[in-house]
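Trainee: sequence unknown, structure follows:
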């Protein structure tokens, strides 16, 4: 993913491309590099914005973001609380799906990450739908009546009671964690705090090499990114 | 997923529930069955509408729908062509993500499926964003300048040239197929018809049983639903 | 797996077979049932003896037994200690690979299981290579200078110090456990007790439906049986 | 895996070890490198001989060898035909399990591989149980009444009729192939040539990082080595 600027060139191990050759052409056009190799100029998709986010933190993978979005039940118009922002990869995806009427409030205690996240969100044209908050979500959530609380931080269980208060009835909480110990603590805390329909899954994605006479799964894969835990807020009996 | 009607009861193997006890309560409320077992009344999420669609055809799984949505790059405002409609599970999900400004044209040759799909779409409040078409998509696609063509039918390779014509430059095509033979034919046809960035993946989702001292993956899982193939339209050289 | 007896019949949902028709024929012969469906009379393999063991306990799967055998490094002539015996499925496999010169001592505290195990071992012609011991292996192991200690019981960590004493230098310990909590306790105890090269793996086996034009992975699979932990005995410094 | 020689040193990125310090010590002893880091001198296991075979060809993985051994039903005393030998990794494992009374005849057309295989078999003390044959197995198999035919070569289907002739009734054939196209051709040829109980599987092994508070699956794994196809010889009707 590069920014096209007049008079400049883009260097690759398959030769360089003059941006001037590209300007004025439509997306999807093919162009030859200095070594005569054909390139296609593609418009970035959501997935590209996610994968190409500056990687200061370990970003969530598209396969996990896809499941987080689907299982959280969010869509255009949803009000979401996210923590932590990190470099904004998941933030970008969530904003993409709640626009044009929804809103995302994203908490992050490390100020330097918020600057990177802001840059990434602006590049993906998603900044208008996000409120970045330099606050500690384990202390409390300002918003109320939210549709979903989405957590990608080291101690999700500390946020569970605040999530319960912030969510509307039936609202969803989704938490992404790499280790077993994190999911055990999170699930126990969810059970103690009025959540139901609790479910934890992991997702393995394997690429296929597809070619007549040579078709087979690819040799290497990512074996683990993290576990995804879902739950829904039940109204407490007697309340 | 049931429709609450005054004066009626809902029977389960854990006792029955009188709908009159539910009426007037908010979503998320807990209620006791005739056997004294606690139930929670939850508002259906997108995933519930998908899973509970009348299963006249093999419906795509939420995990696959999640990846189809993510990798296709669609979102609020997108114009999508889908085929075939089936009972409308994938249709419901796609409509959910393109509303309020986007539109989905869904092709299906079997008229009886369209009736079921219409009912499912109306139940999920998604019918306003969908145009159901009783047409054979392997003959042609009426729309042009579309953002994504999404295929879940037996012979996706027959649709590839029509998809190329219908898509805008850089537009995406996504095809879901259970067998290897289908993906080989589809990938070959994509290569011959001006598509680039071709990629085929499969996704395995495994549930975890999370409980202190007993945590472990679940014993059974769905081993295979289908392969997902993605590609993007490049503008043909010289055109 | 059935015992062929003169004058008797074997009933299946595809018709019955008269054993008299089979007697005198060689293994591998085909025979017609009363409904005209062709059956093949196959000699049981090791895998058949394992899978058809009377299932009073949860037996280890062939895929796991295969890895236990390979990673333990055992073979003809090895001296092995196993616990617990259960119904003898793993015992049968281990005996198969250490015969004719090796020996297997198998501990089991529940006397009723030992009777079943004895029957299964005799049916598979493996009883001569096994010593069944009605003893609690968490109290101690009688043998010394053994090549491998193989554990399939609820509290493997309690056996680790006894395994260290019983093993020859470089000897292997292999433990099979379904839950994460078991492997954490086992690995910690192995580290504290002079074991090195500690490794934990899980193995997923997926069947393929192979048929021209319809090839695809099977729809269902066993998602989890257990984790296998391996380690080797290092000689303690100063000893 | 190194050969210890008097007067020499073994260099690692954690410092070097003087072999003279090792000589006279028993296997399993710990020793300090020149940088003060502790090493343990372990005796090679079967798995080590397999993994450390000179990798001139793509060698089969221990997990696959383990399943091949288990499903083929071989053990001490078995007579096996293998093709192709390659650098002898699978050959070493098969010899390990058929000794002391069994025998393995291994076919390989590329003479240079046979030399490497011979060296690897001698190093693992398995050469006495193997007959290496510089012959083309697709032309025919010399042996008869064999217990198992085990194939790891590019065109297993060409060997299927010869395997049928060489096998005893109920004998097993096991074939390892990386691509889908290979397994389709092999399974079809098996069906046409009197084999029954045909089954194809793939095996995924994932390592676990086990540490209190940080337990999780490892980040990377081998996504694919190959498919394993099993079948058994039925006696042809009328013979």
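Mentor: Looks like it came in fine. Not measured: the values here are computed from a predicted model.
Trainee: the most centrally placed residue in chain A in helix, strand or coil?
Mentor: For chain A, residue A:90 is the residue whose C-alpha lies nearest the centre (CA atoms, centre = their mean; 1.8 Å). Secondary structure state of residue A:90, per DSSP: H, G, I helix; E, B strand; the rest coil, is helix.
Trainee: pretty sure it sits against residue A:65.
Mentor: Yes - between residue A:90 and residue A:65 there is a contact at 5.8 Å, judged by CB atoms under 8 Å. For every residue, glycine as well, the C-beta is placed using N, CA and C.
Trainee: between these two, which contacts overlap?
Mentor: In terms of CB atoms under 8 Å, 6 or more residues apart in numbering or on different chains, residue A:90 and residue A:65 are both contacted by the residues residue A:50.
Trainee: quick revisit: tell me the pLDDT at the residue nearest to the centre of chain A?
Mentor: With respect to pLDDT, residue A:90 has a value of 94.
Trainee: OK, contacts around residue A:31?
Mentor: A:17, A:21-22, A:25, A:38-41.
Trainee: repeat for residue A:105
Mentor: A:80-82, A:130-131, A:133, A:142-143.
Trainee: now do the phi/psi pair for the closest residue to residue A:73 other than its chain neighbours.
Mentor: Counting by CB to CB, 6 or more residues apart in numbering or on different chains, residue B:45 is the residue found nearest to residue A:73 once chain neighbours are left out, at 3.5 Å. Dihedral angles of residue B:45 (phi, psi; degrees, to the nearest 10) stand at phi -100, psi 170.
Trainee: distance of residue B:45 from chain C?
Mentor: 24 Å (CB to the nearest CB, to the nearest Å).
Trainee: same check, this time on residue A:65
Mentor: 23 Å.
Trainee: please apply the same query to residue A:181.
Mentor: Counting by CB to the nearest CB, the gap from residue A:181 to chain C is 9 Å.
Trainee: you'd agree that residue is in a helix?
Mentor: Yes - assessed by three-state DSSP, residue A:181 belongs to a helix.
Trainee: assess the claim that it and residue D:215 are in contact.
Mentor: Yes - counting by CB under 8 Å, residue A:181 does reach residue D:215; the two are 6.3 Å apart.
Trainee: now do the helices in chain A.
Mentor: Ranges of helices in chain A, per DSSP state H, are A:19-22, A:46-51, A:62-72, A:89-98, A:111-123, A:160-166, A:180-192.
Trainee: so for the helix-or-strand element of chain A with minimal mean pLDDT, what gets flagged as buried?
Mentor: One helix or strand of chain A scores below all others by mean pLDDT, DSSP states H and E: helix A:46-51, with a mean of 79. Judged by neighbour count (16 or more other CB atoms under 10 Å in any protein chain shown), helix A:46-51 contains these buried residues: A:46-47, A:49-50.
Trainee: in TSV: the contacts of residue A:31, plus pLDDT, neighbour count and distance to chain B.
Mentor: Listed next are the contacts of residue A:31 as TSV, based on pLDDT from 0 to 100; neighbours: other CB atoms under 10 Å in any protein chain shown; distance: CB to the nearest CB, whole Å:
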residue	pLDDT	neighbour count	distance to chain B
A:17	88	22	15
A:21	85	14	13
A:22	87	16	12
A:25	85	14	8
A:38	86	12	8
A:39	87	18	10
A:40	87	20	4
A:41	86	20	8
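Trainee: run through the bridge partners of residue A:199.
Mentor: residue A:230 (DSSP bridges).
Trainee: how about the contacts made by it?
Mentor: Residue A:199 touches A:229-231, B:207, counting by CB under 8 Å, 6+ apart.
Trainee: can you pull the contacts of the nearest residue to residue A:139 once chain neighbours are set aside?
Mentor: The spatially closest residue to residue A:139, leaving aside those adjacent along the chain, is residue A:162, at 7.9 Å (CB to CB, 6+ apart). By CB under 8 Å, 6+ apart, the contact list for residue A:162 reads A:137-141.
Trainee: what do you get for residue A:96?
Mentor: Counted by CB under 8 Å, 6+ apart, residue A:96 has contacts A:46, A:124, A:126, B:75.
Trainee: find me whatever residue is spatially closest to residue A:21, sequence neighbours aside.
Mentor: Nearest residue to residue A:21, sequence neighbours excluded (CB to CB, 6+ apart): residue A:31, at 5.7 Å.
Trainee: distance of residue A:16 relative to chain D?
Mentor: Applying CB to the nearest CB to residue A:16 and chain D gives a distance of 33 Å.
Trainee: what do you get for residue A:116?
Mentor: According to CB to the nearest CB, residue A:116 and chain D sit 23 Å apart.
Trainee: for the closest residue to residue A:71 other than its chain neighbours, give me the pLDDT.
Mentor: Of all residues not flanking residue A:71 in the chain, residue A:230 sits nearest, at 4.8 Å (CB to CB, 6+ apart). Note on residue A:230: pLDDT of 95.
Trainee: near chain D, which residues of chain A are found?
Mentor: By CB under 8 Å from any CB of the partner chain, the part of chain A that sits against chain D consists of A:178-181, A:202, A:206-207, A:212-224.
Trainee: can you list the weak-confidence ranges in chain A?
Mentor: Residue ranges of chain A with pLDDT under 70: A:52-60, A:237-239.
Trainee: 90 instead?
Mentor: Along chain A, the model assigns pLDDT under 90 to residues A:1-62, A:212, A:220, A:222, A:235-239.
Trainee: out of the helices of chain A, which one sits most buried?
Mentor: helix A:89-98 (a mean of 27; mean count of other CB atoms under 10 Å in any protein chain shown).
Trainee: just how off-centre is that one within its chain?
Mentor: 6 Å (CA atoms, centre = their mean, to the nearest Å).
Trainee: same question for stretch A:5-15.
Mentor: Worked out by CA atoms, centre = their mean, stretch A:5-15 lies 29 Å from the chain centre.
Trainee: again with stretch A:119-136
Mentor: That offset, for stretch A:119-136, works out to 12 Å (CA atoms, centre = their mean).
Trainee: over to stretch A:63-70?
Mentor: 8 Å.
Trainee: cool, and stretch A:187-199?
Mentor: 23 Å.
Trainee: quick one: end-to-end distance for it.
Mentor: 8 Å (CA to CA, to the nearest Å).
Trainee: residues of chain A that sit close to chain C?
Mentor: Residues of chain A lying near chain C (CB under 8 Å from any CB): residue A:180.
Trainee: got the domain ranges for chain A?
Mentor: A:9-40, A:46-233 (automatic domain parsing).
Trainee: in contact with the residue lying closest to residue A:221 once chain neighbours are set aside, which residues?
Mentor: Among residues not flanking residue A:221 along the chain, residue D:223 sits closest, at 3.5 Å (CB to CB, 6+ apart). Shown in contact with residue D:223 (CB under 8 Å, 6+ apart): A:206-207, A:217-221, D:204.
Trainee: and the two most separated of those?
Mentor: A:207 and D:204 (14.0 Å; CB to CB).
Trainee: ok, these two, which is more surrounded?
Mentor: residue D:204 (21 against 16; other CB atoms under 10 Å in any protein chain shown).
Trainee: ok, now which ones touch the nearest residue to that one once chain neighbours are set aside?
Mentor: Spatially, and ignoring its direct neighbours in sequence, residue D:204 is nearest to residue C:204 (4.4 Å; CB to CB, 6+ apart). Applying CB under 8 Å, 6+ apart to residue C:204 gives the contacts C:221, C:223, D:203-206.
Trainee: likewise residue A:46?
Mentor: Applying CB under 8 Å, 6+ apart, we find residue A:46 in contact with A:92-93, A:96, A:124, B:70, B:73, B:75.
Trainee: hmm, try it at 6 Å
Mentor: Shown in contact with residue A:46 (CB atoms under 6 Å, 6 or more residues apart in numbering or on different chains): A:96, B:73.
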